[in-house]
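Q: just need the structure, nothing else, for what follows:
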Amino acid sequence: MAFLLGPICPRCGQPQVSGMLCPSCATVSSSISSIRSIFRFEGTARRAIHELKYHNLRAIAPTLAAYLASYAATSGDRIDVIMPVPLHPTRHKHRGYNQAALLAHELGRLRGIPVSFNSLKRTREGTSQVHTRNMDERRANVQNAFECTDASLAAKCIMLIDDVCTTGATLDSCAVALKSAGAHEVFGLTVAREV
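A: Numbers count the residues shown, from 1 in each chain. Sure thing, here's the model as predicted:
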């Protein structure tokens, strides 16, 4: 698997020659503090995620989560709660599980950090981000798609977990909802990133 190595944009984690904010992050405000990904979304990493996500290979989640745990152990970020990016109930029912929840569960177990599975809810399904064409469409697709009313998250630092980051729009939309509920800081961590 091809690790995603620096230099990267300090906010969205996209490879960036200068290691400074990428053009997109420099011009658009964001609610998420940073997004990091372990691998490039290609080759073996892509196949592993597809098997987990579309072919019910849940047994691979602990292996992928071990990579997330290795990063979390060295990131230096304060993490009070781990939280998976939620699926819309319709998609969850169709798939039968949330791959991000499997990863978050394993990460929480490995790092000894509590995992919240129900604080963040997806209230609007939208189109799959795979079928959107550009950053503006992706942002519009997930705008106001998440809701959080959990007052226990006030002043907490949250690590959001997902399988793949494409543009960061979904993670940022989740961060908006979490911060509206009082979260202090929100970080995103994914197994892979499209580059």
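Q: next helix or strand past the lowest-mean-pLDDT helix or strand in the chain?
A: Lowest on mean pLDDT, DSSP states H and E among the helices and strands of the chain sits helix 135-142, with a mean of 64. Per DSSP states H and E, the first helix or strand lying C-terminal to helix 135-142 is strand 146-148.
Q: strand partners of that next one, parallel vs antiparallel please.
A: strand 120-122 (antiparallel) (DSSP bridges).
Q: who touches the strand it pairs with?
A: Residues external to strand 120-122 that are found in contact with it (C-beta atoms under 8 Å, 6 or more residues apart in numbering): 83, 85-89, 145-148, 150, 174, 177-178. C-beta: built from backbone N, CA, C; applies to glycine.
Q: avg pLDDT for it?
A: Averaged across strand 120-122, the pLDDT comes to 95.
Q: list the residues that contact C165.
A: Here C165 is in contact with C12, G13, I35, S37, L171, G188, T190, A192, R193, E194 (C-beta under 8 Å, 6+ apart).
Q: what's the helix or strand for the second one?
A: By that I understand G13. Using DSSP H and E, no helix or strand contains G13.
Q: quick check: it touching I35?
A: Yes. G13 is within contact range of I35, at 4.4 Å (criterion: C-beta atoms under 8 Å).
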